[in-house]
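> Here's a sequence, model it:
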Amino acid sequence: MACPGSFTDDSSLEFYPPKLWGLDYHFNVYNKMYIEDILEMEEYPYYTGAFSFKNHPIYKVDVLGVVVKKVENSKCFIYAVDDGTGVILCCCWKDNFYSHTAPVSTLDGLPVLLRQKVNEIQMYTAETTEGYSLGDLIQVKGKLKIFRDKKEVVANIHKKITDPQFQVFRMCELPRLYSQRYDRPFQLPYKVQQALKQRRQESTSGITSETSVVCDLKAVIFDYISKSNHIVDLPVSDLLQYTKVKDILTKLNNGQGDSMEKQHSLLFETLSLLEDDGHVTRRNDRRMLFEVLLHKSKLDTSIMKILLTDTAKPKYSEKGCHYLHVLDELHKTLPYSKVKKEALMFCLQKLEAQSDVIRTTHAHYLPCGD
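Numbering: from 1, shown residues only. Now for the predicted structure:
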């Protein structure tokens, strides 16, 4: 179990660039920590904008302590907050927006519960404008900054704590957070580690891998079909004539190109990824043909035909058709005998946004009347 002041610098830890910080759970939350550990944290190695505990990038904290010093100026209050392990300065800005609150006499016509809520807001406003007193127990959530060579917390949220059990709960909570969260090093997800490893190998060898080529192709093809409203059918062979696609395919084998069969295989793999996202669907009435679903498509027409036909039956007239029923009906047709659920749901959501269908439950759909 961790204790205050348990921070140690482990040279074996790996520190990551800012673009990967969001993968750490602690980065975007207010971290409840001992003030002593906050004061001992140093700036994140090689990068600015955050501080490091182990190799966790931390820039937002949640502290709870007693006010031992108070300084007021025209714009803010500066409190020295002590939690028993250390003292840190907290800057709480004055909020003039709520300084003109309605007098209590004008609230007499409000319901009792609403009047109590307004009184609570006015009490909070008084605290933010008049400040806290020495000896008050306060909670401060904010961003860590260095001002005049000293760490301070610039408060986003702050309030006075009147329940003494709150402090006891925090004392019991912190050791568990340290043992389960903070003391465990920040490790990237396995897929991200593999992708970074692959990129390092590519930069060393100078040869682009097939995985990177497929990712680049996916981005280029999605941009192409999303900007071209007229594209409905998308043969794989037509994509080979697209300039940006040809440029990406030349990255393989150090720019020497690949066989036509290999290029078709890569394009088919890319389109299969887009199919998993519901943006295209494979047609079985023609070989190596995909249908674009981002705009008005033939699949939309087939779905509407099924809904109009089946909802005319008494069984489906009131509640509508379940999307799995629509999927089964599509599988009975030749062009969409292997259509995926993702493609169907994408089209149904699109039709719902266009007010062509209405969703009666989380899974049932009815066509809208003319």
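> Every contact and neighbour count from this point should use C-alpha atoms.
Fine.
> which strands and helices sit next to the helix or strand that contains residue 348?
Here residue 348 sits within helix 341-353, counting by DSSP states H and E. The contact analysis (3 or more Cα pairs under 8 Å, 6 or more residues apart in numbering; DSSP states H and E) places helix 341-353 against helix 260-276, helix 298-310, helix 323-331, strand 357-359.
> Export these to TSV and append columns for distance to residue 225.
Below are those laid out as TSV (distance: least, Cα to Cα, whole Å):
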stretch	distance to residue 225
helix 260-276	11
helix 298-310	15
helix 323-331	24
strand 357-359	25
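> For residue 138, find the nearest of these.
strand 357-359 (48.2 Å; Cα to Cα).
> Name the surrounding residues that touch the closest one.
Residues from elsewhere that reach strand 357-359, judged by Cα atoms under 8 Å, 6 or more residues apart in numbering: 348, 351-352, 365-368.
> For the helix or strand where residue 78 lies, output the C-alpha coordinates as PDB.
If you go by DSSP H and E, residue 78 is part of strand 76-82. C-alpha atoms of strand 76-82 as PDB (Å, rounded to 0.1, in the frame of the first residue of the first chain):
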ATOM      1  CA  CYS A  76      -8.700  36.000  -7.200                       C
ATOM      2  CA  PHE A  77      -8.100  34.300  -3.800                       C
ATOM      3  CA  ILE A  78      -4.900  32.500  -3.100                       C
ATOM      4  CA  TYR A  79      -5.400  29.700  -0.500                       C
ATOM      5  CA  ALA A  80      -2.700  27.600   1.100                       C
ATOM      6  CA  VAL A  81      -4.200  24.200   1.500                       C
ATOM      7  CA  ASP A  82      -2.800  21.600   3.900                       C
END
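> Give the other helices and strands that that strand contacts.
strand 60-72, strand 87-93.
> Pick the most deeply packed of these.
strand 87-93 (a mean of 22; mean count of other Cα atoms under 10 Å).
> what are the pairing partners of that strand, and which direction each?
strand 76-82 (antiparallel), strand 150-160 (parallel) (DSSP bridges).
> and residue 121, which of the ones you listed is closest to it?
strand 150-160 (11.5 Å).
> mind checking how far residue 216 is from residue 244?
10 Å (Cα to Cα, to the nearest Å).
> Check residue 159 too.
Taking Cα to Cα, one finds residue 159 at 56 Å from residue 244.
> low-confidence ranges in the stretch 51-200 of the chain?
Applying pLDDT under 70 to the stretch 51-200 of the chain picks out residues 95-108, 124-129.
> any chance of the helices and strands packed on strand 76-82 in a markdown table, with distance to residue 358 too?
Shown next, in a markdown table, are these (distance: least, Cα to Cα, whole Å):
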| stretch | distance to residue 358 |
| --- | --- |
| strand 60-72 | 44 |
| strand 87-93 | 49 |
